[in-house]
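Participant: What would the 3D arrangement of this be:
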Amino acid sequence: MPPRSRGRPRKIQNAPDESAQTGESSETMAGGKSAKGAKRKGKARATAQNDVANIYQDMLAEALPVQSDIPERPLKRRRTGRKGRVAASSSVNKPSDISSDADEDIEFEDVLGPETSGKIASGSDFEPLSKQQQTAYRDSDEESEDDDIDRETLKFESKPHDEPTGDLELTLTRSNPQRLTVTPRRKVVTKVEKNLRLQVHKMHILCLLSHVDRRNEWCNDLDVQHSLKPLLDKKMLTFLRPKSELSQFARADSLKRGLEQVSMMWRKKFRITTRGMRRSLWADDEQDIQNFKLPIDAEASIEKSDFKAAAQDLKGSRDLGTQLYCALLRSTGLNVRLVCSLQPLSFNLGGPAMPKVRLPAKPTPPEISDEGESVDIHGPELPFISNAEPDAPTLSFTARRLGHPNAADYHMPEIRTPALPKPKAKEIRESPYPIYWIEVLDEAHQKWFPVDPLVTATVAKPSRFEPPVADRDNNMSYVIAFEDEGSARDVTRRYTKAYNSKTRKIRVESTDGGQKWLRRTMRAYSRGWKTDTEQIEDNELAAIEAREPMPKNVADFKDHPYYALERHLRRNEVLTSSHEVGKVAAGRDPGAPGGKKLEGVFRRRDVKTVKSADAWYRLGREVKMGEQPLKTVAAKQRSEEVDVGDDLEERAGTNLYAEDQTELYQAPPIVNGQVPKNSYGNLDIYVQSMIPKGGVHISDPEASRAARLLGIDYAEALTGFEFKGRHGTAILKGVIVAVEYREAVEATIQAIRDEQVRVEEGIRTLAALKMWKRFLIGLRIKERIDTYAVEGEGFPVSDDDSDGEADDGAGRESEEYFDDGAGGFFPE
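Facilitator: Take a look at the predicted model:
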C-alpha cells in the first residue's frame, strides 16, 4: 500500500514540484552522494534520469489525492524568517543527477530525511534540484509548537490525533437499545381445551383421594404404632387421656396441653430431609414437560415397608412426619383424622405456570494458541525435575513456583492451606403453610380441632392454615379429612376465610354439574349414615359459611352464591327486586361523597332466569296471555348477516319472560281417534306434559308400522333436534295414537317382533345347512381323491380293497348323486 503523508495533504502546485521532491528524496536515501559526482556523468545518463523521475511522478499521482478531490481553502499569508525554510526555498533551482546504481536501493517516502534536512539547513556543499519543491501552507497565522520539535524524534508512521486530515472519517457506535418489557398476552383457550382441563382436574382429584386413603390406612398399621408409642412418657399420656370426672373445660384443656407437649417432642425427634407434596402447575410448552426433572430433594414414591422404616429412623418429608404423628396419636386411643389439602391441576386460567427449565450451556471448544503446551506445576512431572531420583523429596508449592530445581535451598517456609469447612446441607425451601395436618376430636365438646406439629406448630388454630394467593407451592381448594375407618369428609369451609367469594371459584362446584359430580365422588368414602358428631360438624360448617362477610371488591361478587351486582347479570338473567342489601366501591367519582363511586348489591335469590317464548315452549310451557316481557335483548348477529350498509334491516329484539309468567302447555285433545298434527305431519312432544289429552305416546321403533297395518290415525312424535353447527335435524321417536288403540298397537308390535325372530331363525338355519353341505361335499372330494392310484407311489390294491371299492361304487350308484358339473370341486 503506498505511504500516506503526515498531517493534512499538501497542496500540489504543479508537476515540476513532484519531480523535484522525488529527486530530493531519492538523493537522500541513496547514501547522500554529492552533486559534483553527478555532474561527471555524461549526458547519456540524463535520459535515464528523466525516465526514473517519470516513474516517481506516476507513483506520487497514485499516492497523493487529486487536486479536484481536495476542497479549496482561502490562501493565507506565509510566515517568513526561519532559516530552514529560506535555505530550502533557495536551493530549488539547483539541478541534481542520480546514478542508476543507487536507484535500485531507493525506498520511496514523501518526507525529507533527517540527514538531507540537516545539510540543507547547514548550507553545506549540496546541489539543489532543478525543479521546484512541493510547498504546504499552514491553516493558521499563529506560530505552532511543532516548529520547535526535533524531527528526529517524530514517528511518521503514527498519525497524530490533534491535526485534522483531508480524509473523511466516520465513527459509528452501536448503542444497546433498552428492551421494552412486553406484557405477555393472555392465551386464548378454546372450549375443547377448557373441557380437557376440567376432565384432567377431576381425574387428578380421584388420584389424590386414592393416595391419601392409602396413607391413612398405613397410619393404622400396628407395627408402626408399636414402634412409635415408646416415644410418649407417662406425663404425656396422662394429659392426652383426662379423667371423665373432670369438667368439660378441664378435659378439653388437658387434651390441648398434652398435644402441645407431644408436638414439641416430635419436632425435636423428627428430621425433615426431603421435600413433600407441592402445588401442581400447568406447563406453557410441551418441551418444558419433556425437560422437567424432579428436584434432588423431592420425596420419592415409597411403599409400606419404607413407611415402617421411616417410623424407626424418624426422618423424611414433613408430610411423612405428619402421617407418622397421626399414627403416634392413634396408638394412644385418640380419635384422630388425617387431613390433606389436595393440590390438583387447576381448570381455570390465569394461574402460575410451570417454571421454565434452563438447559445446560453447550461446552465451548478449547481455543488453539501458539504459546505452547501448559505445564501443570502441581503435577509430579515437571521439566526441571524429570531426571531427579524417585525418592527425592517433592518441592513445596512455594519453591516450585520459582521454577528452578535448587529453589528448595532457600529454605522457604511451607505454607499449608487450612482445611475447607464441610459444605452445609442445602436448605429445603417449601411453603410456610402445611399440606398435611391432623384433626383431633374433643369428646368433651364433640368438636374437631386441628393440630400441626411441624410447619406452624399450632393447636386449635384453623385460621393459620390457609396460604395466600401468591404462594406458588400451596393452594387451598379441597381439604379432605380421613378417619381411621376410611371414611372422609370435605372440611374446606373450616379453614378458608372467603369460601364463597374466592375458594368456590377454583372448585369443581362452580362448573355445570360439578356439585353433583363431587357429591357422587365423596359418596364412595362415606359410611352410609351420619353420626351425631357429623351432624354437629355440618351445623358448624354451615355457621362458618353464614358468618362470611360481604366481599369488598367487585370481582368477588361474580358468581357469588348469595350476592350479585347488576353489572354481572348474564344475558338471560334479570333482577326482580330493586331492594339493595349493601354498597360496594366501584371506582372513583369526584362528585360523590368521599370521592368513591358506589354500586348497589342485591341478593342472589332476587336474580331470576328468563327465557324466550320459544325456549319455554321447548320446556312444555307457554307464556300467559297479557304478560309483558321482563327483558328485551338484541338478537345475536349471525355470521352470514354481516352489516354491509343500509340494505340489511335491523332485526327486532327478543322478549324474555320469567317462569312465573308461563303455564303448562295444553295440546289440542284427540277426538274420535283423530290425532292433531302440525304442518309437518308430526306432533311436538318435548316433555311428557305435551301429550294431548286422550292420547298415548308409544316410543317403540315399530309403532308407526303397526299403526299403518291397523289403519288407525297416528302422528309421529318429535322429541327434539340434533344440531350440527347451526342446522338441526328433527328427532322422531315413536307415535301418538288414541288411548283406545294402545293395546292393538302393542299386540301388533309384538307380532311383528315374533315374525322378525322367525325370519332370523330361518336365516340362521339356512346358513347352517349350507355349511353342513359344504362340509359333506368336502368329505366326498377327499374320499374320491384317496381312491386314485398314482403311478410309482403307494402299494398295489388288494382283492379285499377292490371288493370294498366295488361295494362303495355300487352304493354310490344306488344313492342319489347329482353331478353339479364341477368335477368334484365346489362350483362357483
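Participant: in the stretch 301-450 of the chain, which spans are strands?
Facilitator: With DSSP state E, counting those that start in this stretch, the ranges of strands along the stretch 301-450 of the chain come out as 315-316, 336-342, 436-442, 447-452.
Participant: same for the second one, what does it pack against?
Facilitator: When contacts are defined as 3 or more Cβ pairs under 8 Å, 6 or more residues apart in numbering; DSSP states H and E, strand 336-342 sits against helix 191-218, helix 318-330, strand 436-442, strand 478-482. C-beta: built from backbone N, CA, C; applies to glycine.
Participant: any idea which of these is most buried?
Facilitator: Highest mean neighbour count of those: helix 318-330, a mean of 25 (counted as mean count of other Cβ atoms under 10 Å).
Participant: Let me know the average pLDDT across that one.
Facilitator: For helix 318-330, the mean per-residue pLDDT is 96.
Participant: So which elements touch that helix?
Facilitator: For helix 318-330, the packing partners by 3+ Cβ pairs under 8 Å, 6+ apart are helix 191-218, helix 222-228, helix 248-269, helix 304-313, strand 336-342, strand 436-442.
Participant: strands paired with the fifth one, and their directions?
Facilitator: So that's strand 336-342. Strands that pair with strand 336-342, judged by DSSP bridges, come out as strand 436-442 (antiparallel), strand 478-482 (antiparallel).
Participant: Could you point out which of the helices and strands packed on helix 318-330 sits nearest residue 351?
Facilitator: Closest approach to residue 351 among the helices and strands packed on helix 318-330 is made by helix 191-218 (10.9 Å; Cβ to Cβ).
Participant: biggest strand in the chain by residues?
Facilitator: strand 727-738 (DSSP state E).
Participant: all strands for the stretch 651-800 of the chain, in order.
Facilitator: Counting by DSSP E, counting those that start in this stretch, the strands of the stretch 651-800 of the chain are 654-656, 662-664, 682-684, 695-698, 715-724, 727-738.
Participant: Okay, now the unreliable bits of the stretch 351-500 of the chain?
Facilitator: 357, 359-417, 419-420, 422-425 (pLDDT under 70).
Participant: Tell me where it has helices.
Facilitator: Along the stretch 351-500 of the chain, counting by DSSP state H, counting those that start in this stretch, helices occupy 397-400.
Participant: Mind putting the strands paired with strand 336-342 into TSV with distance to residue 782?
Facilitator: Listed next are the strands paired with strand 336-342 as TSV, based on distance: least, Cβ to Cβ, whole Å:
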stretch	distance to residue 782
strand 436-442	76
strand 478-482	71
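Participant: which one of those lies closest to residue 756?
Facilitator: Across the strands paired with strand 336-342, residue 756 has its closest neighbour in strand 478-482 (53.2 Å, Cβ to Cβ).
Participant: Residues contacting that closest one, please?
Facilitator: 205, 209, 212-213, 216, 337-342, 344, 439, 448, 488-492, 494-495, 507, 525 (Cβ atoms under 8 Å, 6 or more residues apart in numbering).
Participant: if we go to 6 Å?
Facilitator: 216, 337-342, 439, 488-489, 491-492, 495 (Cβ atoms under 6 Å, 6 or more residues apart in numbering).
Participant: For residue 201, which non-adjacent residue is spatially closest?
Facilitator: residue 347 (4.1 Å; Cβ to Cβ, 6 or more residues apart in numbering).
Participant: And for the one you found, the neighbour number?
Facilitator: Other residues within reach of residue 347, judged by other Cβ atoms under 10 Å, total 23.
Participant: Residue 612 contacts residue 658, doesn't it?
Facilitator: No - look at residue 612 against residue 658 with Cβ atoms under 6 Å: they stay out of range, at 11.6 Å.
Participant: Mind listing the shared neighbours of these two?
Facilitator: Counting by Cβ under 6 Å, 6+ apart, nothing touches both residue 612 and residue 658.
Participant: Tabulate the helices and strands packed on helix 318-330 (a markdown table), appending distance to residue 530.
Facilitator: Listed next are the helices and strands packed on helix 318-330 as a markdown table, based on distance: least, Cβ to Cβ, whole Å:
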| stretch | distance to residue 530 |
| --- | --- |
| helix 191-218 | 20 |
| helix 222-228 | 28 |
| helix 248-269 | 24 |
| helix 304-313 | 32 |
| strand 336-342 | 16 |
| strand 436-442 | 15 |
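Participant: Among these, which comes closest to residue 281?
Facilitator: Checking the helices and strands packed on helix 318-330 against residue 281 by Cβ to Cβ gives helix 191-218 as the closest, at 12.0 Å.
Participant: Tell me the helices and strands packed up against that closest one.
Facilitator: Here helix 191-218 touches strand 336-342, going by 3 or more Cβ pairs under 6 Å, 6 or more residues apart in numbering; DSSP states H and E.
Participant: hang on, the earlier thing: and the strands of the stretch 301-450 of the chain: which comes nearest residue 464?
Facilitator: Between residue 464 and the strands of the stretch 301-450 of the chain, the tightest spacing by Cβ to Cβ is seen for strand 447-452, at 7.7 Å.
Participant: Can you list the strands that the longest strand of the chain pairs with?
Facilitator: Next to strand 727-738 in the sheet, as set by DSSP bridges, lie strand 695-698 (antiparallel), strand 715-724 (antiparallel).
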